[in-house]
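Participant: Turn this into a structure:
(one chain, ligands or ions: 1)
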Amino acid sequence: MNVSARRALAAALTALMLTVAGCAAPDSGLQAARRHLTGRGPITFVEASDESGTASKQVIDAWNKLHPDQPVTLKQFSDVNELHDNLVQHFKAKDSGYDVLGADVVTIAEYAAHRWLQPFDGAYTMDTSPLLKQTVATAEYRGTLYAAPFMTDAGLLYYRKDLIPRPPRTWQELLADCGVAREHHMGCYAGQFAKYEGLTVNVAEAVAAAGGGFLKSDGTTPSADTPAARKGLSLLVDAYRDGDIPKEGITYEEEESRQAFEAGKLLFLRNWSYVYPLANSDGGSVVKGRFGVTTLPGVDGPGRTTLGGQDNAVNVYSVHKATARDFLAYLQSPKVQRKLLIEEGQSPVLASLYHDPSLLHDPALGYLRTLEQSITTATERPMTPFYPAVTQAISENAYAAIKGDKSTDKALRDIQAAILAATSQQ
Ligand code: GLC
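Facilitator: Below you'll find the model as predicted:
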């Protein structure tokens, strides 16, 4: 049998096993949520791969040394979309193979609505009082907690402090600084504009900068076809058309944009906090000690980030839920949260770390106050069980508008229609 035939057979067998598992398990999520709450034993933790370093693996090794009969096996996927699709397959099959899953905050509503996540209520609770309340909100669905916030994420504006005396507070001020970029033959501004989840983040932030959003607070009524959304998306469309966002910016995800900034090709960069330690330490970075961070620009004043991050949840079909919950609490402990902050620039969910004098005075963490400010004024991407369809509509239409293939008005009308179609499945 050749390689592709073997692969096809393996895929067919996996699909069959998942189907058989699905048929064999009569439980609904509701029934499964009452089972195995005190179960202990080995667990598997799945998440999207962590490109930023080895600290997460060390954290798991340390747990495994302390809990030899309840070890954690880590399984990583290369990106959040791949992880999402794999998880959905496993959930549908009521598979108990994954115990803990690291979910992008935007996926909680979808998983919870399907009852695929073990709720933290009744005999199975979790103390959220030490956590930033914004992060707890990302883990709730219809008033119930379905996940344990692990790491949060806020967009920051990185700027070249050696070239700009005062960082911009508004888009207008930022664009006015683009002359400095031209003088130095560098690009002015980049974020993440490739067609994927990061583009939804950047577009949602531009719309929030103009005071808008894609969904009203009822979670179902679209508000994409509005003057505020038009103003917000136009910021990106115009900046790309005018060359203030460099042409190659349309291909950037987080990593490509970080590399461009580190190579001295950008005056301004929108990215998450993990860039801060890397841009100050990477061998190839020419901007070490030459950049600062501030909050994202708005239209009439400071802007707002959309909150990112990872919430860890327990698969409702897991049979080792007591171990899973202890492991989640361990990941929220001051020791682990501190280590991931210091070694990987990950944004903690533990509120106390943002006021810890030893961290606030650490020059390597010079962005901590700005980060806290960004988190406390953050907005959310649409919170809806139909998020996959909503985000696809936003990223595909915004991408076409930024590239100049579709007018801003038409893109927003199409987003509005797609959100309406997705959310009226309820
Ligand atoms: C980061 C954020 C996540 C977001 C993703 C987009 O990983 O934590 O919430 O969806 O970036 O690329």
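Participant: give me phi/psi at the closest residue in space to residue 70 that isn't next to it in sequence?
Facilitator: Leaving aside its sequence neighbours, residue 70 sits nearest to residue 323 (C-beta to C-beta, 6 or more residues apart in numbering; 4.4 Å). In short, each C-beta sits where N, CA and C put it, glycine included. For residue 323, the backbone dihedrals (degrees, to the nearest 10) come out as phi -60, psi -40.
Participant: Tell me who's in contact with residue 323.
Facilitator: If you count contacts by C-beta atoms under 8 Å, 6 or more residues apart in numbering, residue 323 has them with 39-43, 67, 70, 99.
Participant: Run through the bridge partners of the residue of the chain found nearest the ligand.
Facilitator: Across the chain, the shortest distance to the ligand (C-beta to the nearest ligand atom) belongs to residue 308, at 2.8 Å. Residue 308 has these beta-bridge partners by DSSP bridges: residue 153.
Participant: Let me know the pLDDT of it.
Facilitator: Here, the pLDDT recorded for residue 308 equals 96.
Participant: What of residue 377?
Facilitator: 96.
Participant: unless I'm mixing things up, it is touching residue 304, no?
Facilitator: Yes - using C-beta atoms under 8 Å, residue 377 is in contact with residue 304, at 5.4 Å.
Participant: More neighbours: which of these two?
Facilitator: residue 304 (19 against 16; other C-beta atoms under 10 Å).
Participant: What helix or strand is that one located in?
Facilitator: Assigned by DSSP states H and E, residue 304 belongs to no helix or strand.
Participant: And the ligand, is stretch 189-206 touching that?
Facilitator: Yes - using C-beta under 6 Å from any ligand atom, we find that stretch 189-206 touches the ligand at 197-198, 201.
Participant: residues near residue 179, how many?
Facilitator: Neighbours of residue 179 (other C-beta under 10 Å): 11.
Participant: one step back: farthest pair in the contacts of residue 323?
Facilitator: The largest separation in the contacts of residue 323, counting by C-beta to C-beta, is between 39 and 67 at 14.1 Å.
Participant: residues in contact with residue 239?
Facilitator: So residue 239 contacts 175, 188-189, 245 (C-beta under 8 Å, 6+ apart).
Participant: Let me see the contact set for the residue nearest the centre of the chain.
Facilitator: Nearest residue to the geometric centre of the chain (C-alpha atoms, centre = their mean): residue 308, 3.6 Å. Going by C-beta under 8 Å, 6+ apart, residue 308 touches 104-105, 152-155, 201, 272.
Participant: Could you report the separation of it from residue 198?
Facilitator: 9 Å (C-beta to C-beta, to the nearest Å).
Participant: cool, and residue 229?
Facilitator: Taken as C-beta to C-beta, the span from residue 229 to residue 198 is 19 Å.
Participant: These two: which has the busier surroundings?
Facilitator: Taking other C-beta under 10 Å, residue 229 and residue 198 do not tie; residue 229 has more neighbours (27 against 22).
Participant: where's that one, which helix or strand?
Facilitator: Using DSSP H and E, residue 229 falls within helix 227-241.
Participant: okay, the following helix or strand past that helix in CSV with CA atoms only?
Facilitator: Toward the C-terminus, helix 227-241 is succeeded by helix 254-262 as the next helix or strand (DSSP H and E). Extracted in CSV, the C-alpha atoms of helix 254-262 (Å, rounded to 0.1, in the frame of the first residue of the first chain):
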residue,chain,number,x,y,z
GLU,A,254,1.4,37.8,14.8
GLU,A,255,4.8,36.3,14.1
GLU,A,256,5.5,38.0,10.7
SER,A,257,4.5,41.4,12.1
ARG,A,258,6.8,40.9,15.1
GLN,A,259,9.7,40.0,12.9
ALA,A,260,9.1,43.1,10.7
PHE,A,261,9.1,45.3,13.8
GLU,A,262,12.3,43.6,15.2
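Participant: Since that was my last question, I'll sign off now.
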